[in-house]
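# Compute the structure for the input listed below.
(chains A, B, C and D)
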4 protein chains.
Amino acid sequence: MIPRYSRPEMTALWQPQARFRIWFEIEAHATDALAELGVVPKEAAEKIWAMNDADFDVERIDTIEAETKHDVIAFLTHVSERTGPEARFLHQGMTSSDVLDTCLAVQLARASDILLADLDKLLEVIERRAREHKLTPTIGRSHGIHAEPVTFGLKLAQAYAEFDRCRTRLRNARAEVATCAISGAVGTFANIDPRVEEHVAQKMGLTVEPVSTQVIPRDRHAMYFATLGVIAGSIERLATEIRHLQRTEVLEAEEYFSPGQKGSSAMPHKRNPVLTENLTGLARMVRGYVTPALENVALWHERDISHSSVERYIGPDATITLDFALARLTGVIDKLVVYPTRMEKNLNKMGGLVHSQRVLLALTQAGVSREDSYRYVQRNAMKVWESDGALSLLELLKADPDVAAALSAEEIESRFDLDYHYKHVDTIFARVFGQA
Amino acid sequence: MIPRYSRPEMTALWQPQARFRIWFEIEAHATDALAELGVVPKEAAEKIWAMNDADFDVERIDTIEAETKHDVIAFLTHVSERTGPEARFLHQGMTSSDVLDTCLAVQLARASDILLADLDKLLEVIERRAREHKLTPTIGRSHGIHAEPVTFGLKLAQAYAEFDRCRTRLRNARAEVATCAISGAVGTFANIDPRVEEHVAQKMGLTVEPVSTQVIPRDRHAMYFATLGVIAGSIERLATEIRHLQRTEVLEAEEYFSPGQKGSSAMPHKRNPVLTENLTGLARMVRGYVTPALENVALWHERDISHSSVERYIGPDATITLDFALARLTGVIDKLVVYPTRMEKNLNKMGGLVHSQRVLLALTQAGVSREDSYRYVQRNAMKVWESDGALSLLELLKADPDVAAALSAEEIESRFDLDYHYKHVDTIFARVFGQA
Amino acid sequence: MIPRYSRPEMTALWQPQARFRIWFEIEAHATDALAELGVVPKEAAEKIWAMNDADFDVERIDTIEAETKHDVIAFLTHVSERTGPEARFLHQGMTSSDVLDTCLAVQLARASDILLADLDKLLEVIERRAREHKLTPTIGRSHGIHAEPVTFGLKLAQAYAEFDRCRTRLRNARAEVATCAISGAVGTFANIDPRVEEHVAQKMGLTVEPVSTQVIPRDRHAMYFATLGVIAGSIERLATEIRHLQRTEVLEAEEYFSPGQKGSSAMPHKRNPVLTENLTGLARMVRGYVTPALENVALWHERDISHSSVERYIGPDATITLDFALARLTGVIDKLVVYPTRMEKNLNKMGGLVHSQRVLLALTQAGVSREDSYRYVQRNAMKVWESDGALSLLELLKADPDVAAALSAEEIESRFDLDYHYKHVDTIFARVFGQA
Amino acid sequence: MIPRYSRPEMTALWQPQARFRIWFEIEAHATDALAELGVVPKEAAEKIWAMNDADFDVERIDTIEAETKHDVIAFLTHVSERTGPEARFLHQGMTSSDVLDTCLAVQLARASDILLADLDKLLEVIERRAREHKLTPTIGRSHGIHAEPVTFGLKLAQAYAEFDRCRTRLRNARAEVATCAISGAVGTFANIDPRVEEHVAQKMGLTVEPVSTQVIPRDRHAMYFATLGVIAGSIERLATEIRHLQRTEVLEAEEYFSPGQKGSSAMPHKRNPVLTENLTGLARMVRGYVTPALENVALWHERDISHSSVERYIGPDATITLDFALARLTGVIDKLVVYPTRMEKNLNKMGGLVHSQRVLLALTQAGVSREDSYRYVQRNAMKVWESDGALSLLELLKADPDVAAALSAEEIESRFDLDYHYKHVDTIFARVFGQA
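Model prediction:
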């Protein structure tokens, strides 16, 4: 957890105090169910609930753990110090993992809720900017090379659709991990009735794990962290787009640069896309956590504890980093400074090359073979390309005898029309946002 | 693609011949739609369909590509050599990626169908063996150490539930990638009507990509390969279980060893779990492909082609390897030699330690504090542990004055009962398989 | 950084206070060199050195950074607040990365020194235990199956050789990253003389970076973190060995279990290899940091800042975790409880199967073909295998007519000799430790 | 192995025929040594060498393996079919891994030699182009934003230094894996004299593995493949640079575009940096193989065989792909079309902003505080930035009263001098290439 890449709500979720609170609730709800089943006295269950958050003394628990080398036992001992002899009715027939794994499920479910809210905000901002620039012309590029016209709104619509998919994936991933296991030392319910599990699951907002082994199986968590890795990939994609657009030679959009901000300690003229570069790095981290999560699946027999240390890192690190990254990206898009004039200037700088395909198609429609059509257009396009945009494709084509033999000057000119490219923008917006 | 880890059906899907056939169908269906819209002559569309599989000459296409350095153009040129001048109506308003990405979607969808069938077979075999050993007693282990009794059927039920989740994940992953894009050079449909995309999608069994950019966005493929990585993790888990069970000192189950098989070139006595070790390695490979797939998401602008080489490797390698691994695992479980006698012997070898929790719980129920109860049982258990199972926990506990003060000999003895642990096996089976 | 997996010396290295101190030294040494070259007044250089560690107010620097959004500028502003107007002579002709990258080089070099000392201690402990058990007989296993006899000392000698290689690798990796760059905004030395770089390098214990671009090239850091990943792999290997040896059925060695320690909250009889399981998880984390480090290499043009956030995580996390893991492993080996009696018992449990190869060789020497020899031995070995060690390979072989036709009973018996296997232990020890 | 990304020499190394030849040599050399030691008859050793390459019938060996399920036994059986009864003296006291691991060592050593030759060629080409453009002015960029002037030769010098480091790393990596183990079933030399290992090592050009366990330890291979991953990172870095330089708006350099080549099936005007994009993808693959190699280290006990399948993939795939990528990159740099005019145009397009630092330094030298100097320059620079290069920084600064109060017009003008930036190019070239 790196403070500068952390936000308070997500960070709080992973603090010892929060964890102990969740442990306590799991134990206390389980004791309620045990009382209901007559296994422990009802008074004991009630007495236990009297313990409140202020009572969890993290330092004291650490001290006990230093001796027992077992975190849950340290916690239970501490609860018993505060609650009195009734505490012996806690944890009846349970094993530590019942508490630990169910707690992790609660934490990941809550982390997912924060991340889902982040995605909602991001999507809202992307949609607003997409609609604002729905018909702002800009050049579409493939391979970094001018291809054909698009609009800036279409670029954002694409990002919207991608993060909308991420939202669906995250909901699925949340469902994967939001399960409760209270099944005892090897998952047989030998010393604890399955109804206790059902009760705790319902109270903690989880579903019941159909078959656990002592632990909740880690394929669930692998799927969860893999999904966060995919979302990180999508963050990197949009961040990379902004980085490209802010390049000096392109400069079609720019991260907001606040008054007082300094771009470089040496060069006072600099305004760098540092937020999106930062997002690129953060994406690498979140993706990097996927590999250890995948390696965590193959625990030995009913369980080993090798996954635990991994999760102590990636549980907080992946969710805190992703939360921060989503919020940062939302801010970047929200305040992104867009330069339509520069977009238009760039769009026009290649002497009309962006219309080459339409002439190719017109030639084939006029009966020229595909191969010949391609050759006629390409030989003129290459001259324009090499002139650095000084020559005009339209003029060269009109002067080319092979082209002129197939198409009149008017027919050629009619292929150099920008609006032609935008006739389906509404269709696409309707597909992405539900309505154009 | 490693021949020894490949099966024919999946391998065929990735051969050039199969790819060209899919390209052809995409182009021909698109031409049908264009004819319907009046963009190209209906006769041309019909003429094109006359080309049949035997006509695709992979070598000839390679030769053309060597000059044009463009695979789709080489293909189209070849089709035009075979089909005649009508071929110029192919690919009208389309871009190469319309063909390539839609083809990859078809291949990954078909690969998924093979993998789903693999999973069905694996699940069927696991269920059969699970029911066979539903009540075969065996020791449950955590940390590789004896914990409490389970049944061998429960171990397999756990695997069943895990692969059943994998099936759901794979279905989701299939839906992620099974989309069709026929949207032109930058995804604007400038030169091709969206209805062509709808027609091709429907004919090829895909859904329509809501917004493409020239390419289908690669977050879809990242999610797909990440899902295969998770499934590989689950394969490794079950493989690791078999490897553990076959260890000389454990020997509770064994891979089938065929007549004529040799375990070692040097040591004629060897029977090694080589299939499951092999599965462990194959799982590493399938997981290893996740990272490049995640790095493929952040293409530049509307597209670059960096993802393409990656997919030429991992498209075949991940699906072929996983198909082989699932089939191999199915065979291992199907023919697994199980040794219930050895399981029982192992279960009993620790002098009754596996019953320690029940005595602990009985003591707390009898009014002893949790901490004292733990200490009384632990001090006797440690003696048994150090005797290598020569001492009996039951006898030691009966002789321990603190324990004896709280529990009668009969009460202690009643806690050393195996069946007690199996009373919820039916519950778990019902959860996992739908019925006990 | 996870407190429970961190040790103070390594952690301190990565604290803001330590970083600011290194920044300050780099700036002050550079100012010395500038003064020597006559670029800035000598008095200014002297004045600056008066600032001492207590003066760095981390909170104040954070406050300034919140406005400037630039960490080095915030630091320089703070220094100027404390030092006075002479501070304007700091950072003359330098760029932030000159400070940041050279600081990271110092930190990684110092981290390496700590890790090298960790390795020295680990190697010392492994050698001591290896010599202690140089001739302690134990079964060698391949595929988890009994193979032929080794000694426990040989297992440790293997670990020694592996960590000795890790030491060499880490020394190489340290040399990779211990370079100094003071070359200005794009690495041209436009505004700073290369002699400043040489001076700072020498003072900070670094070599000069031959060509920087503003940043020190990140292939160096990639190599560094990849090396840490390899060391983590070796940690996992030895940890896995201990985990296997502690399994209930094997129990040839055991992690030290301290008085008061509790192995399970539910089962008082448990003594689990939790330290080595923990090391397995920590190894996954250190390996997981390799991927982002590799992705950091391809910065855009002369530099971008995407690597920076990654290094804020993995700089501390990889070195702190590895330091902790090496120390923990050292403790495990140091206090490992070894059970030679159990080793002997296991070694003998397979009815002499471990001698199968020697009989095979004797048969071939006696003129039987390799294939026939293998078959004769294998058919008897399989019977012993299936008897769970109840039958004796020696007796069966003597009774096998084909074997008896080639070898006398004495000749067969002479192949069942344990010492035969240990005649080259001295050779191997001499190779590994320099002397037997 | 993807044919289009493979070159014949490297591919041949991994074919079955080549592998069987190496196996044969290892066995035959070992038999020589055994004969020398009197373990087997000298005539047998001589007889065996008579077998020649044409004799290895891959199909026949596959057939035998289908029955024995053991590749080395299948090979030995085949050799015995061809050589006659003397073949029984082959493999005396050896284990399969002695052959397999030593063979892999030979293959990786030879693969390294090919890769080292690739690097030599790449370095030669980079140096030639670097010297050609030693003083070709171009803008240095950080964050994709214009920073200060560099030369194109400096960019290439940086790449040279990086690949020169890669050469050193690869030499180290080659030494890591080029070891020979002939130590028997568990590495004890029980049935084979260490002198046999020494003989085979010397004949095969390897060093002796000090302590093996049956297998050569896999930390060596992990280090090897990690090193290839780092080299891939460096390839991606240079490829990314070319991709950036070829962007339409930048167009300072371009991959060679051959006559007849087609950039797009739809747009005849396209010339895309497809080779360097391809290299980006190939780099992802080679890096992707690092993770499975790292996971291969922790084999169980003396060995398991999980690493084997991984190496069947990554042995060929990583080396063949890297060989192809290095050769492709060499070709790209060799034929790279460089546009100095466009570089100059871009360099000048920002109205002199690239000189902002020099004015900042001049102000501080003239007694203005660093903070004020920064503010004066920044406020003028921002105006130029927002004018899209229409305004001139020089003119604005001369007109700024605060700046004018500290520096005369001549003093300001003298800071706008390009050559000033190149005075240390010789120094850097001398550092990188040995001489300027």
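
# Can I get the host helix or strand of residue A:405 as PDB, trimmed to CA atoms?
Secondary structure from DSSP states H and E places residue A:405 in helix A:401-406. Provided in PDB are the C-alpha atoms of helix A:401-406 (Å, rounded to 0.1, in the frame of the first residue of the first chain):
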ATOM      1  CA  PRO A 401      -5.000   9.000 -66.900                       C
ATOM      2  CA  ASP A 402      -6.000   5.600 -65.600                       C
ATOM      3  CA  VAL A 403      -8.200   7.000 -62.900                       C
ATOM      4  CA  ALA A 404      -9.600   9.600 -65.200                       C
ATOM      5  CA  ALA A 405     -10.500   6.900 -67.700                       C
ATOM      6  CA  ALA A 406     -12.800   5.400 -65.100                       C
END
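
# what residues does that helix touch?
For helix A:401-406, the surrounding residues in contact (C-beta atoms under 8 Å, 6 or more residues apart in numbering or on different chains) are A:359, A:363, A:366, A:367, A:368, A:372, A:376, A:377, A:380, A:397, A:398, A:412. To be clear about C-beta, it is placed using only N, CA and C from the backbone, and glycine gets the same treatment.

# The same query, at a cut-off of 10 Å, please.
A:359, A:362-368, A:372-373, A:375-377, A:379-380, A:396-398, A:400, A:409, A:411-412 (C-beta atoms under 10 Å, 6 or more residues apart in numbering or on different chains).

# One more: stretch A:33-48?
For stretch A:33-48, the surrounding residues in contact (C-beta under 10 Å, 6+ apart) are A:24, A:27-32, A:79-80, A:82-94, A:182, A:191-193, A:195-200, A:202-203, B:361, B:364-365.

# rewinding a little: check the offset of the helix holding residue A:405 from the chain's centre.
Chain-centre distance of helix A:401-406: 53 Å, with C-alpha atoms, centre = their mean, to the nearest Å.

# Give the buried residues for it.
Neighbour counts using 16 or more other C-beta atoms under 10 Å in any protein chain shown place A:402, A:403, A:406 of helix A:401-406 among the buried residues.

# just the residues you listed now: which is nearest chain D?
Chain D has its nearest neighbour among those in residue A:403, at 11.6 Å by C-beta to the nearest C-beta.

# mind checking pLDDT for that closest one?
Here, the pLDDT recorded for residue A:403 equals 94.

# so where does residue A:149 fall, helix or strand?
Using DSSP H and E, residue A:149 falls within strand A:145-151.

# next helix or strand past that strand?
Note on strand A:145-151: by DSSP H and E, the next helix or strand toward the C-terminus is helix A:152-177.

# Whether that next one contacts chain D - can you check?
No: using C-beta under 10 Å from any C-beta of the partner chain, we find that helix A:152-177 stays clear of chain D, coming within 16.1 Å at best.

# so what secondary structure elements neighbour that helix?
Judged by 3 or more C-beta pairs under 10 Å, 6 or more residues apart in numbering or on different chains; DSSP states H and E, helix A:152-177 is in contact with helix A:96-132, strand A:137-142, strand A:145-151, helix A:219-246, helix A:306-335, helix A:425-433, helix B:152-177, helix B:219-246.

# Could you give the separation of that helix from the chain centroid?
8 Å.

# And stretch A:212-221, by the same measure?
So, by C-alpha atoms, centre = their mean, the centroid of stretch A:212-221 is 24 Å from its chain's centroid.

# Please work out the average pLDDT along that stretch.
Averaging pLDDT along stretch A:212-221 gives 97.

# And stretch A:349-362, by the same measure?
For stretch A:349-362, the mean per-residue pLDDT is 87.

# how about that stretch: buried residues?
A:350-362.

# Settle this for me: residue A:169 is touching residue A:233, isn't it.
No: counting by C-beta atoms under 10 Å, residue A:233 is not a contact partner of residue A:169; they are 11.2 Å apart.

# Give the residues shared as contacts by these two.
B:219, B:223, B:226.

# give the contact list for the residue nearest to residue A:354 when sequence neighbours are not counted.
Sequence neighbours aside, residue A:148 is the residue nearest to residue A:354 in space, at 5.2 Å (criterion: C-beta to C-beta, 6 or more residues apart in numbering or on different chains). Contact analysis of residue A:148 by C-beta under 10 Å, 6+ apart lists A:139-142, A:353-358, A:421, B:95, B:184-188, B:190-191, B:214, B:302, D:266-267, D:269.

# Which of the residues you listed fall in helices?
Judged by DSSP state H, the contacts of residue A:148 include A:356, A:357, A:358 as members of helices.

# could these go into TSV alongside distance to residue A:237?
TSV is the format used below for these (distance: C-beta to C-beta, whole Å):
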residue	distance to residue A:237
A:356	27
A:357	25
A:358	29
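
# what residue ranges in chain A score low on pLDDT?
Of all residues in chain A, none has pLDDT under 70.

# any idea how it splits into domains?
With domains defined by automatic domain parsing, chain A comprises A:3-257+A:268-344, A:353-415.

# would you list every one of the strands in the stretch 251-400 of chain A?
A:253-254, A:337-338 (DSSP state E, counting those that start in this stretch).

# ok now the first one, how far from the chain's centre?
If you compare the mean C-alpha spot of strand A:253-254 with that of the full chain, they lie 22 Å apart, counting by C-alpha atoms, centre = their mean.

# same thing with stretch A:103-123?
Using C-alpha atoms, centre = their mean, the offset of stretch A:103-123 from its chain centre is 11 Å.

# Then residue A:134 would be within a helix, right?
No: counting by DSSP: H, G, I helix; E, B strand; the rest coil, residue A:134 is not part of a helix but coil.

# what about it, how many residues close to it?
If you count neighbours by other C-beta atoms under 10 Å in any protein chain shown, residue A:134 ends up with 19.

# which residues does it contact?
Residue A:134 touches A:151, A:152, A:153, A:154, A:156, A:157, A:422, A:425, A:426, A:428, A:429, A:436, counting by C-beta under 10 Å, 6+ apart.

# separation between it and chain C?
Going from residue A:134 to chain C by C-beta to the nearest C-beta, to the nearest Å gives 30 Å.

# if I look at residue A:381, how far off is residue A:363?
Using C-beta to C-beta, to the nearest Å, residue A:381 is found at 13 Å from residue A:363.

# Spatially nearest residue to the closest residue to chain C within the stretch 151-300 of chain A (excluding sequence neighbours)?
Scanning the stretch 151-300 of chain A for the residue nearest chain C gives residue A:281, at 3.5 Å (criterion: C-beta to the nearest C-beta). Closest residue to residue A:281 apart from its sequence neighbours, by C-beta to C-beta, 6+ apart: residue C:309 at 3.5 Å.

# Could I get the contacting residues of the one you found?
Taking C-beta under 10 Å, 6+ apart as the definition, contacts of residue C:309 comprise A:2, A:4-5, A:277-285, A:321, A:324-325, C:292, C:296.

# Taking those, please make a ChimeraX selection of just the buried ones.
Buried residues among the contacts of residue C:309 (16+ other C-beta under 10 Å), as a ChimeraX selection:
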select /A:2,5,277,278,279,280,281,282,283,284,285,321,324,325 /C:292,296
